[in-house]
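Trainee: Sequence first, predicted coordinates after that:
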Amino acid sequence: MAGVIEHVTEASDELVAAFARLMPQLSPRAPAPTREGLAAIARGAILLIARGADGAIAGALTLTLYPIPTGLQARIDDVVVDGAARGQGLGAALSREAIRRARAAGAVAIGLTSHASREAANRLYVRLGFERRETNVYRLAL
């Protein structure tokens, strides 16, 4: 069962518990989403989960598709794999499924960002064909 990727369409107790465990590994300052928050994500984006060898949720990825004048775009955000399950290919499996879904939807490109300190994740994205862009990234915290 390891590496099974699922598209989540509704929030469950299992999903809430998994995000409570995974969020501190993704962003120590960000609170885990509530059941209502996860339900909203599942309605507004493509929320993918990966199951580890024991069948438990061991990773997640959010894929957003959005139309703009230059074509349908896709964005991958908040990729996380539980520390105990890293090295099993779950991040790659999640990313490949997101790429497959974006391609099937007709997206012209997929964007993502990854902090430089996440060396393994950055190597993975390059292996999957992502190219580093020379750009300025701006953020306005609201």
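Mentor: Nice, thanks for sending it over. This structure is a prediction, so every number in the text was calculated from the model and none was measured.
Trainee: Between the two ends of stretch 125-136, what distance do you get?
Mentor: End-to-end distance of stretch 125-136 (CA to CA, to the nearest Å): 19 Å.
Trainee: For that stretch, which outside residues touch it?
Mentor: With contact meaning CB atoms under 8 Å, 6 or more residues apart in numbering, stretch 125-136 is reached by 92, 95-96, 99, 110, 112, 114. Placement of C-beta: from N, CA and C, glycine included.
Trainee: Select from those every entry located in helices.
Mentor: Counting by DSSP state H, the part of the contacts of stretch 125-136 found in helices is 92, 95-96, 99.
Trainee: Poorly predicted segments of the protein, please.
Mentor: Counting by pLDDT under 70, the chain contains low-confidence residues at 1-2.
Trainee: how about a cut-off of 50?
Mentor: Counting by pLDDT under 50, the chain contains low-confidence ranges at 1.
Trainee: between the contacts of stretch 125-136, which has the most around it?
Mentor: Within the contacts of stretch 125-136, most neighbours by other CB atoms under 10 Å means Ser95, with 24 neighbours.
Trainee: and that residue, what does it touch?
Mentor: Residues in contact with Ser95 (CB under 8 Å, 6+ apart) are 61, 76, 79, 124-125, 128.
Trainee: Can you tell me which of those is closest to Glu10?
Mentor: Leu61 (17.2 Å; CB to CB).
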